[in-house]
Structures are given as C-alpha cells and as structure tokens.
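In: Output the structure for:
(one chain, ligands or ions: 2)
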Amino acid sequence: MTAIEILNSAGLKRTKQREAVISALSGANKPLTAEEIYERSQNAALSTIYRTIDTLLEKGIIVSTTIPYSDGVFYELTANEHRHYAICLSCRRMRYINVCPIRETRLDDFTVTSHKIELYGYCGDCLAKAPAPKSQGRAAANRKMISNAL
Ligand SMILES: [Zn+2]
Ligand SMILES: [Zn+2]
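Out: Numbers count the residues shown, from 1 in each chain. Ligands and ions are numbered 1, 2, ... in the order given. I've put the predicted structure just below:
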C-alpha cells in the first residue's frame, strides 16, 4: 500500500507530513525513532513530526515499540508489525528479519494470538572488528563483547 492508500483507508486527509512519515517508515529496514523519521522527511519541523506521529498512532496506522538494548521509542507501520528484528549487541544496530522463526506454535489450553521475537547477536561489521587474539580465539572475544554489552 502506498502512503496515500494508507491515509485513505484510515479516513485521514492527505498532508505532506503524514505522507512523509509513512514513506520514511515504509522505506526503512528497521523501526525508526522520531528523530530518524525527522531526518528522513525533508522540510518538516521536528515538532510537526511528533504531532503527525501522534495522529498516526491514534488512527492505528503506526505502532510504537521499545526494543531491549536500544534506547528510546521506535515506530513502525502497523502493517509491518509482524516482523522480527536482529539486534547487534555491540553497535546496537537493528534490522528486520524477513522470516518468522515461529510460524505456528500450538500450546495445550492456550491460544496464541501474536508473538514477539528479537534476535541478538553481532553484525558482520562488529564481528570483523572484534579482536580475536590467538590465545583466546573468537569465542572468548565474543564473550567479552557480550559482557560489555549487558
Ligand atoms: Zn554491530
Ligand atoms: Zn513471527
């Protein structure tokens, strides 16, 4: 769906700011903070972006989410909600994963309606930068990175 179609289906008027926020989120490969949305929407004041975010939240077009090990509140399109992230424990970068690790879970006496999964680890950049002394090896270096991150 385009930004205009999303606004139409929510019964919201088209404005440049609303289109800009939706486009920023649909073009991103991860949930964005208000500041990141602002950076990606040209010619809109940060206060306007916040107001626009509030309107879109109210209409259920976007959802806010907090992500462990990452500071701040992130926003994503409601249509994207069933996506999972991989988060690097070293640089804290995150990105969407295209697959769902659990498509179907059956539990006795419990009906699953939704789930939330985040994967933690190290991105390629951080692994390449990680010091791996011969005596310790990469596993020990990774353990050190994990204890630094926690
Ligand atoms: Zn990283
Ligand atoms: Zn899933």
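In: Relative to ligand 1, how far out is F74?
Out: F74 is 17 Å from ligand 1, where distance means Cβ to the ion, to the nearest Å. Glycine gets a C-beta too; all of them are placed from N, C-alpha and C.
In: ugh, typo on my part, it should be A130
Out: With Cβ to the ion as the criterion, A130 and ligand 1 are 10 Å apart.
In: Equivalent analysis for R18, please.
Out: 33 Å.
In: neighbours around that residue, how many?
Out: The local packing of R18 (other Cβ atoms under 10 Å) involves 22 other residues.
In: and it, what does it touch?
Out: Shown in contact with R18 (Cβ atoms under 8 Å, 6 or more residues apart in numbering): 3, 7, 12, 52, 55-56.
In: closest to ligand 1 among the residues you listed?
Out: L56 (29.7 Å; Cβ to the ion).
In: List the residues that contact the closest one.
Out: Applying Cβ under 8 Å, 6+ apart, the residues near L56 are 18, 21-22, 62.
In: for A20, what are its contacts?
Out: 40-42, 44, 52.
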